[in-house]
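Participant: Just a sequence and a predicted model for now, questions to come.
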Amino acid sequence: MTTAIIIIAVVAVAAIAAFFLLRGRRAGGRGLRGRFGPEYDRVVARHGGDTSAAERELGDRVKRHGRLDERPLTEEARARYAARWASAQELFVESPERALTEADALLADLSRERGFPDGEDFEDRTDALSVHHAAHVDGYRRVHAARRGGASTEEMREALIEARGLFDGLLAGGPSGREHDRHLVKGRGTS
């Protein structure tokens, strides 16, 4: 009788451990999906639907770029970047291509000043940005791609609008842009 109770207890403990182990593995995917949002779907698609490969890549990004020494901006730098963005938006009416070139350079400069990877490797920079600003990094990719040509004026306009989210997040402060959100909402208007 005692042996049967011990066997039942061991089997029950093993079943519970297996349940939590499997649940933890699945939660990793849900955790990455939640953290990366549309970026998760983009990486899965790039890996031909292989979620394991996509999750390995995204996990590697978190390991490489998760502990970023994000540097604060001075109020002068914040004002300078805001003026550059406003200028790029105004330039769009006259020359959408030049506006996107300016927005692309501005996002590179701003991300570099905030502590994101420097240099010519656009993919490394956007990988790092995706860890901290996943919801908005695609706008930066779209601006970067559209400025090279082949995009309609409407596609360029949409790219610039989408990139504004990343600009606001980088300008605002913390990794997700929460540091100055109230200031931006109150002071930005509808531009």
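Facilitator: Received it, and whenever you're ready, just let me know what you need. Residues are numbered from 1 along each chain as shown.
Participant: how deep is V93 tucked in, by neighbour count?
Facilitator: 8 (other C-beta atoms under 10 Å). C-betas here are computed from N, CA, C, even on glycine.
Participant: Report the secondary structure element holding it.
Facilitator: Element membership for V93, per DSSP states H and E: helix 75-94.
Participant: tally of neighbours for G48?
Facilitator: Neighbours of G48 using other C-beta under 10 Å come to 8.
Participant: Tell me which residues touch the residue most central in space within the chain, please.
Facilitator: Among the residues of the chain, the one closest to the centroid is A134, at 2.1 Å (C-alpha atoms, centre = their mean). A134 makes contacts with 35-40, as judged by C-beta atoms under 8 Å, 6 or more residues apart in numbering.
Participant: Mind telling me what element it is part of?
Facilitator: A134 belongs to no helix or strand, assigned by DSSP H and E.
Participant: what's the pLDDT at it?
Facilitator: At A134, the model reports a pLDDT of 92.
Participant: circling back: now what about the helix holding V93, what contacts it?
Facilitator: So helix 75-94 is contacted by 73, 98-100, 102-103, 106, 109-110, 113, 156-157, 160, 164, 167, 171, 191 (C-beta under 8 Å, 6+ apart).
Participant: redo that, cut-off 7 Å
Facilitator: 98-99, 102-103, 106, 110, 113, 160, 167, 171, 191 (C-beta atoms under 7 Å, 6 or more residues apart in numbering).
Participant: Could you turn the buried ones of those into a ChimeraX selection?
Facilitator: Buried subset of the contacts of helix 75-94, written as a ChimeraX selection, criterion 16 or more other C-beta atoms under 10 Å:
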select :99,102,103,106,110,113,160,167,171
